[in-house]
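*Asks:* Pasting the sequence and the predicted model now:
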Amino acid sequence: MRPNGPPGPGRRGLSRRELLGAAAFSSLALSLRALAPLATAASSAPALPTARAAPSYAGWQDLYRRAWRWDRVVRGTHLRANCFGACSFDLFVKDGVVWREEQADVYAREAPGLPDFAPRGCQKGACYSDAMLGPDRITHPLERVGPRGSGRWRRVSWEHALGRLADAILDAHAEGVPESVVYDNGTSNVDSGPASLGEMRLFTLLGATLLDGFGGTGDLAMGAFQTWGTSFVDGSADDWMRADALVFWHCNPASTRIPDAHFANEARHRGATLITIAPDLSPSAIHASLWVNPHPGSDAALALGLARGILELGAVDEDYVREQTDLPLLVRDDTGRFLRQSDLEEGGSSEVFYVHDLARGAAREAPGGRGRRSDSLALGDAVPALAGAFEVATRDGVVRVRPVMERLRERLRAYTPEHVTRVTGVAPGVQRRLAETLAHSPRVLFYASWGSNKSYHADLLHRSLILLAALRGQQGRSGGGVRFAAWLPFDGGSDLLPGSGPSRLQRALLRFFTPAPRAMEDAIASASPRLAWMPSHLFLWLHAGLAEIQDAEALDETLPRPAREYLREAIERGWIPVRLPADRPPRVLVTSGVNPLRRWPLPQVVERVLWPKLRLVAAIDFRLSATGLKADLVLPAAGYYEKRGIKYAMALAPYAVVGDRAVAPQGESKGEWEIMALLARRIQERARERGLGGDVIRIHDRFSEGGRYGPADDEAILDRILRNSSLTRGVGWSEARRAGAIRLRSAGGWGTTSGVGSELEPGGTLSPSRVHVEGKRAWPTLTGRQQFYLDHPWFFEADEVLPRWKPLPRAGGRHPILLTGGHTRWSIHAIWRAHPELLRLQRGGPVVFLSVEDARARGISDGARVRVWNDHGAFRVGAKLSPAVAPGEAIVYHAWEPHQFPGWRGSMEVVPSPYKPTHFAGGYGHLRYRVFFAGPVHVPRGVPVEIERVSA
Ligand code: SF4
């Protein structure tokens, strides 16, 4: 039971200086081991308001007691931090200050035999009460008075700041190019509450360009999209408990999924074989039964070698493969293309495919193809052949056809253990042991996460991994399959996002029937080009100078044509929507809590080419980031404990977590909903004052639904979202704010950010893709199956019709070390990166992890300063020698701010991040632009560099 503190002296306004001092004092007070010196420090602490009668803190005993009293406890979370943790915290508020936080025990467990989701949290969240008052906190609107990046600012009023931003936006409207206003929300600051909703609503209503940041942050599993027609696929972490073999491939949950990492240990104690596959001995690898360390960028070869092993062991689940995959579909020997109805009949469909039915001894239509009326995968009495060659009479004459499986066997023939060893460095005996484990484990779960997306040929790895799981019949089964990540949709807010939600009629219809995944995907994909989103890498290619870098090199030597030809063809054919074409320069950039000058590739090029085109750069944030430092306007956002909201829900932890406002926003900072409402009002006022026409003169009326939702109405919005979302059906804001976390009522429908395709078991786990396997509904692909054979012309050109391994292109030059990365234990992206307490747990600043061998060869000792460079740029950093790092690899963990490096030159200055042309492929069933699911991907990992010792 919690002791209740005495009623406090009541909230009173504290100056920032007082508050910072009080917070620092609080940190000290909570350190019991330092009680003696504390009493001295406390008695002279200048920050406590002198007008207050108490406390005197005359004795250390009094100090101890007072440190553990509070005025009230509020349920909060780290609302817009881009982490998968659905962590509810109790926030202890005293004198208007959050003095500390503690993990809240609010997670229900209904099913016996599965571990709890409680407690949840990580060390970043546990010190946010300190971080929110850190030296980089912004408390007042700031306007640049010196050159960009000079650090010369003046404090301005909100009225002035919003007036300036409103005028810049209206200038774009007056020029007839509202799309030249660009809004970037990156994904690293997205929530499911009024903050993100307000921003996306306003900029959509304004006709601005919204950058689709999923690809731009490297969060698109493009190989999953190519194979499944969806990429956001994941289950809950407690479903790991049902795996017999749990394979962490290309991810490191012990560092990056801290609240959920315990499920892996518990699965191991239950008897699961825990395997990690990564070049470095990561914090997750040390807990594994087997650690396999392929060379960086060689994973697809290992996966295909294992697929060959499964075939040789006779461990293929043939019934599953026949029904759920394209491996039985017939392919013409003469063209290499699927046998289609259009090959057989005049006017036949090009989207109906065939299998050879062993029961009838003849070809028959394969269930699932897009050209069929039914989307059922049920085979009935058919037994599709997985081997053999057959003759079919086509309109071109008799042709020989074979199932895809035959071609797959041919492809896998190349992946002998010896060849795989040459490519990956993994010994044949280890490959054999791994293949046998996968073949003999009834349930095999591969967790790849989004870390697996961030290299150039990541799609080939995804396709190979999914193939492995499919051969074993794993996808769609509890405790099995491949998992990446999936957001769960708070659809209760979608009607506030113009164009993105169903119409009123559709909503009424949806009450009575649930559309099939393919119908949902078709609807979202067909709406995608009309929405205001543009892939952020396409934007950079067209407007930020990346074209000249990427076109200058023959980056991908396996393609017969330069990459730019594919991109131009995709644009000309309308396969990729260009919301802001090259001849219409961007004029205003608004970022909210995201940090493009840290995240985007080659920021030195972006700054040289894009920044001069921008008349105004406005950064909304609670801390001064690399982008804020080079902005024209900085608008202070409220911190996570200073506003109300809903943290986005992920499949991994099936809870909706909300945060209440524990304390007033610092200084003049404001919640993003309020900022957007005030900006809308200001734009409308200025538009009328300037005599402009069009929708913009009613922008506030539209934004506020005719005055229904004003700047202070965030709670009404929250209530609307929660009550109307299938995830939280019927729970209102007042109930949610008390609960902190709500067990999800549903996993939600198929949506713009979810392709889970399963429902939560009552009181149990969430495992994805069950609608296809148990429900036998077609996958949203061209063939309606998990599609490994992509007979698109560009995939023939790339020789990627079937999964294969390819070496990474030498984007950055021919240098001997591959620079990789990984999310870090000590920050969520750049947030917390500069937090003093967390820096004390590392080396106090950016480091590159180097193998002992590579360091010795270069005369580099631990702690030395080194220069990391390639053909594009360089940065200086401290060296950390680690026997856990493989020779030939160097690691700079995620999201150090550029200004933490000498000369403000950060680690992205060597990262060109070339786009892969096949990601623009269209005109082929599911290969098409689809907002949030498909497009060019940021690939910051596997960059060739050289490293040398320097004096400073
Ligand atoms: Fe949980 Fe994320 Fe907060 Fe850490 S930062 S405690 S993972 S919500």
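*Replies:* On my side now, so go ahead.

*Asks:* When you work out contacts or count neighbours from here on, use the C-alpha atoms and nothing else.
*Replies:* Fine.

*Asks:* Number of residues surrounding the closest residue to residue 330 other than its chain neighbours?
*Replies:* Once flanking residues are discounted, residue 330 sits nearest to residue 403: 4.3 Å by CA to CA, 6 or more residues apart in numbering. When neighbours are counted by other CA atoms under 10 Å, residue 403 registers 26.

*Asks:* just residue 441 next, same as before
*Replies:* 16.

*Asks:* ok, it - contacts?
*Replies:* 244-245 (CA atoms under 8 Å, 6 or more residues apart in numbering).

*Asks:* show me what contacts the residue nearest to residue 806 when sequence neighbours are not counted?
*Replies:* Nearest non-adjacent residue to residue 806, counting by CA to CA, 6+ apart: residue 457, 7.1 Å away. Residue 457 sits next to 297, 806, 808, 916 when contact means CA under 8 Å, 6+ apart.

*Asks:* Pretty sure the residue nearest to residue 330 sits against residue 336.
*Replies:* No - using CA atoms under 8 Å, residue 403 makes no contact with residue 336, being 11.0 Å away.

*Asks:* shared neighbours, the two?
*Replies:* Contacts common to residue 403 and residue 336, judged by CA under 8 Å, 6+ apart, are absent.

*Asks:* what's the burial count for the closest residue to residue 158 other than its chain neighbours?
*Replies:* Nearest non-adjacent residue to residue 158, counting by CA to CA, 6+ apart: residue 141, 6.3 Å away. Residues contacting residue 141 under the criterion other CA under 10 Å number 24.

*Asks:* My guess is residue 141 contacts residue 636. True?
*Replies:* Yes - shown here, residue 141 and residue 636 form a contact pair, counting by CA under 8 Å, at 5.8 Å.

*Asks:* and residue 633, how far is that from residue 288?
*Replies:* In this view, residue 633 and residue 288 are 49 Å apart by CA to CA, to the nearest Å.

*Asks:* three-state assignment of residue 265?
*Replies:* helix (DSSP: H, G, I helix; E, B strand; the rest coil).

*Asks:* contacts for stretch 488-508?
*Replies:* In contact with stretch 488-508 (CA under 8 Å, 6+ apart) are residues 192, 197, 200-201, 204-205, 527, 531, 648-651, 720-727, 747-749, 751-754.

*Asks:* Among those, which lie within helices?
*Replies:* Counting by DSSP state H, the part of the contacts of stretch 488-508 found in helices is 197, 200-201, 204-205, 527, 720-724.

*Asks:* Can you say which two of these are spatially most distant?
*Replies:* Using CA to CA, the pair of these lying farthest apart is 527 and 723, separated by 26.0 Å.

*Asks:* Leaving aside the residues adjacent along the chain, what's closest to the spatially most central residue of the chain?
*Replies:* The residue lying closest to the centre of the chain (CA atoms, centre = their mean) is residue 219, at 4.2 Å. Leaving aside its chain neighbours, residue 219 sits nearest to residue 450 (5.5 Å; criterion: CA to CA, 6+ apart).

*Asks:* What is the burial count for the one you found?
*Replies:* Residues near residue 450, counting by other CA under 10 Å: 19.
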